[in-house]
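Undergrad: fold the following.
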Amino acid sequence: RLLRLSRAKRGMTRRQLAHASGASERYLAQIESGQGNPSVIILESIARALDIPIIELLPRSNGRTLAMAEILDILARVPVAELSSLAELIERRASQHMQVDRGRRIALIGLRGAGKSTLGRRLADALGCPFIELDRLIEQDYGARIPDLIEMGGLATFRRYERACLERVIDEHETAVIATAGGIVSNAETYALLLRRTHTVWIKARPEEHMRRVMAQGDFRPMAQNREAMADLVAILDARRSDYARAQAELDTSEDTVEESLAKLARTAASFAAGGAR
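TA: Predicted coordinates for the structure are as follows:
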């Protein structure tokens, strides 16, 4: 109700607000009807799009949300050099809640060609839970293919959609297998959310194996028309390696068949359920 009122005051349609904030029209409708449960980060992006303080979107009865807004206000005044140490402190204090917050959601990260979609779909079937490809969800919300989204709105807009869709998946699914785009690690806030709220597995392979599989798929993004595609792939992997390594578990699919990799992934999933993951 507060969101609908704020939007009406500014004469913005829901579609206009969706494009400006990166949240989907469907999710905005859920928030306006009281069915959505947006994070403070999502509310902050909506508030920026409306050019209003986030406090105007927060119900006075929600003590947790108000406390989060107060924390954000405090952090906004903290020197940038101090934010990293503060984040580590908060994560340590909150770690006791992490297992509950992750639910039974398993997110697969890594470069294209590692086997995220193939293994993710098979694992979801075995677990009897939804398999969600984040890129497909983004395309459904935007109403067009991701290359079109990026061409029209830029990479920043894509990242906002990615964040909003991940928020919704976490909100709506206690149990799911999620395949993410290889570049999700490029957005620190979104990747931090993924690490906090899902059990993450880095699905990887040797660079030449990645390249062979990508070529077999007939998909050369983001290396189209590049004669040094292998060098580019290696450079991308090197740049992202330390971020991928933050996952709870790793699975190298280079030498294994799909069945062998699936068996290993299933054992990893079982260890998450048993609380054996770090």
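Undergrad: now do the strands in the stretch 51-200 of the chain.
TA: All strands of the stretch 51-200 of the chain, identified by DSSP state E, counting those that start in this stretch, fall at 104-109, 131-133, 175-179, 199-204.
Undergrad: quick one: which of those strands is nearest Ala18?
TA: strand 131-133 (20.2 Å; C-beta to C-beta). C-betas here are computed from N, CA, C, even on glycine.
Undergrad: ok, residues contacting the closest one?
TA: Ser117, Gly120, Arg121, Leu123, Ala124, Asp125, Val169, His173, Ala176, Val177, Ile178, Ala179 (C-beta atoms under 8 Å, 6 or more residues apart in numbering).
Undergrad: narrow the residues you listed to those that are buried.
TA: For those, a burial check counting by 16 or more other C-beta atoms under 10 Å picks out Ser117, Gly120, Leu123, Ala124, Val169, His173, Ala176, Val177, Ile178, Ala179.
Undergrad: name the nearest of those relative to His210.
TA: Taking these together and measuring to His210 by C-beta to C-beta, the closest member is Ser117, at 13.7 Å.
Undergrad: if you skip the residues just before and after it, what's nearest to the closest one?
TA: Leaving aside its sequence neighbours, Ser117 sits nearest to Ala179 (C-beta to C-beta, 6 or more residues apart in numbering; 5.3 Å).
Undergrad: please produce TSV containing the strands of the stretch 51-200 of the chain, extended by distance to Ala47 and mean pLDDT.
TA: Below are the strands of the stretch 51-200 of the chain laid out as TSV (distance: least, C-beta to C-beta, whole Å; pLDDT from 0 to 100):
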stretch	distance to Ala47	mean pLDDT
strand 104-109	27	97
strand 131-133	27	98
strand 175-179	27	97
strand 199-204	29	96
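Undergrad: need these in a markdown table with distance to Arg267, can you?
TA: Output for these, formatted as a markdown table (distance: least, C-beta to C-beta, whole Å):
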| stretch | distance to Arg267 |
| --- | --- |
| strand 104-109 | 12 |
| strand 131-133 | 19 |
| strand 175-179 | 15 |
| strand 199-204 | 11 |
